[in-house]
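In: My questions are about this predicted structure, shown below with the sequence.
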Amino acid sequence: MSAVDLLRPSTWADALEFGARHPDASPITGGTDVMTEINTGHRRPSTLLDLTRVDERNRATLGGTMVTTSPVCNGYPPLVSSGAEMDLDRLEAS
């Protein structure tokens with residue numbers, strides 16, 4: 001089994017920069033989807049982008065389950081019914 005690199009930014013700017021430099025990195029906070037896929041052998045990312053130390057982000061992991069359209073996300077109905085909006089940031093690799 002190959003090793004997984006772990007990137008641990010402490011600011012949102014660093015997280016965006018790491019994501020741009022490592023576009024194949026899998027972001028992880030709660031791990032609902034990523035860890036399930038790793039544990040079941042469905043995916044083996046070479047790099048994990050650990051966002052748990054980034055204070056500027058929302059502490060909830062709802063964004064992750066929404067972006068991956070995870071079937072375990074039960075937050076869709078209240079968000080849709082309340083007209084919620086989501087802001088996404090991404091830095092492109094240069």
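Out: Yep, it's here.

In: show me the contacts for the residue nearest the centre of the chain.
Out: The central residue of the chain, meaning the one whose C-alpha is nearest the mean C-alpha position (CA atoms, centre = their mean), is Pro27 at 3.4 Å. Residues touching Pro27, when contacts are defined by CB atoms under 8 Å, 6 or more residues apart in numbering, comprise Ala15, Gly19, Val34, Leu48, Leu49, Leu51, Gly64. Yep, even glycine has a C-beta here, placed from its N, CA and C like the rest.

In: For the protein, which segments count as strands?
Out: Taking DSSP state E as the criterion, the chain contains strands spanning 5-7, 26-28, 47-50.

In: Identify the residues contacting the longest one?
Out: The one in question is strand 47-50. With CB under 8 Å, 6+ apart as the criterion, strand 47-50 contacts 4-9, 15, 18-19, 22, 24-29, 34.

In: Okay, now the unreliable bits of the chain?
Out: In the predicted model of the chain, residues 1, 56-64, 66-72, 91, 93-94 satisfy pLDDT under 70.

In: which of the contacts of Pro27 has the most neighbours?
Out: Neighbour counts for the contacts of Pro27 (other CB atoms under 10 Å) peak at Ala15, which has 24 neighbours.
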